[in-house]
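K.L.:
Coordinates only, no sequence provided:
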């Protein structure tokens, strides 16, 4: 966390603050069904309000043409309810209506701008220099004194609202951003050994990058796999997962990653563990199949939807002895009760372990809350950002925060 402005470095009294958060939330029947991301940013909003700042909250929600691509009207309502103060929704981002409302803000007032992705500039990833020249940044910057970034879940993206203000005004890490970075740094750089990484879910490409990076740099002692990541590594080890599953991976464009998984195994074979049994869906029933048994012909006809109980037991033994655990992604299709066994079993073991543990990824978080799993040291709000961090990639938002610090620290 060196070289970044923190909230406690400033008093924001009577200053206009652009607060970029990530309140992108799941919807059901057009309504937001989780306020987890809202709660995560409350400490930052409260600090700004206590200081007497004029707060302009900005978030995105989904992507164009998706069913959950909606306005931020309900976001403003939920944030206001949690804060116990009115949050005014403005049906505009940087047009005249938004600018007039920002100008008329009084200390201690909060405004919520429209869904940032209603602006085309906010959908593309561009370098900081180009983001700085966008209409969004040029129109809003003259009205602002500070930018505060608490959108850790979007830290791996380079978009105008995330990086565009960094050279124009002091850009500060919010409390959530600071907490996230400290937890990830602790796990990655200073975590006690053995360090165990649990890679599951469907982001196979990103997970392979993480495996390559942490094994090559000696940051991990062991990798446990689940979800589609496990299927790709299992094929790379030379096991046949049957026609039904191979065709599924092919449809998802994941078969081409098997070769890359093979290269990782050539270099680090004993350190990458794959399931010894899987659960398949036979006409709606959970049936467990041992990888070395004759029953594996079931893989030809039925999809693998979870890791099996023997695998959970083996992973559990390893996790209980770990010093540091990093986990991203579920072990299977946990949304279906009968195939949640792997995910719940593994996450419970992480919670029971004495290890310092970091768990991230939207689906992982959902299962942690849904099954009341406790004992995890840090539940991260960002899946993609967390994977990028552990893959050793630089995060554009963090680079922008550092750049802002370099430019403005002498003036602070």
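P.N.:
Nice, thanks for sending it over. This structure is a prediction, so every number in the text was calculated from the model and none was measured.

K.L.:
and this structure, what are its domains?
P.N.:
Split into domains by automatic domain parsing, the chain comes to 5-177+394-408, 193-354.

K.L.:
distance between the ends of the first one?
P.N.:
One end of domain 5-177+394-408 sits 9 Å from the other (C-alpha to C-alpha, to the nearest Å).

K.L.:
element containing residue 410, please.
P.N.:
If you go by DSSP states H and E, residue 410 is not part of any helix or strand.

K.L.:
actually residue 77, not the one I wrote
P.N.:
Assessed by DSSP H and E, residue 77 sits inside helix 73-83.

K.L.:
From the chain's centroid, how far away is that helix?
P.N.:
Put simply, helix 73-83 sits 22 Å off its chain's centre (C-alpha atoms, centre = their mean, to the nearest Å).

K.L.:
heads up, I number from 20, so please use that
P.N.:
Renumbered: residue one is now 20, and that last one reads helix 92-102.

K.L.:
List the buried residues in it.
P.N.:
The neighbour-count check on helix 92-102 (16 or more other C-beta atoms under 10 Å) flags 93-95, 97-99, 101 as buried. The C-beta positions use only the backbone N, C-alpha and C, and glycine is treated the same way.

K.L.:
Pull the residues that contact it.
P.N.:
If you take C-beta atoms under 8 Å, 6 or more residues apart in numbering as the criterion, helix 92-102 is touched by 42, 44, 50-51, 54, 57-58, 61, 64-65, 68, 76, 78, 80, 105-108, 129, 131.

K.L.:
mean confidence score for it?
P.N.:
For helix 92-102, mean pLDDT rounds to 98.

K.L.:
ditto for stretch 346-365
P.N.:
94.

K.L.:
How is residue 378 assigned, secondary-structure-wise?
P.N.:
strand (DSSP: H, G, I helix; E, B strand; the rest coil).

K.L.:
how long is stretch 240-259 from one end to the other?
P.N.:
For stretch 240-259, the end-to-end distance is 27 Å (C-alpha to C-alpha).

K.L.:
Helix or strand with the lowest mean pLDDT in this structure?
P.N.:
Counting by mean pLDDT, DSSP states H and E, the chain has its least confident helix or strand at helix 381-389, which shows a mean of 79.

K.L.:
where do the helices sit along the stretch 120-269 of the chain?
P.N.:
Remark: helices assigned in the stretch 120-269 of the chain by DSSP state H, counting those that start in this stretch are 147-151, 154-159, 179-182, 194-204, 223-235, 246-255, 261-270.

K.L.:
any idea which helix or strand comes after the last one?
P.N.:
Read it as helix 261-270. Downstream of helix 261-270, the first helix or strand assigned by DSSP H and E is helix 277-287.
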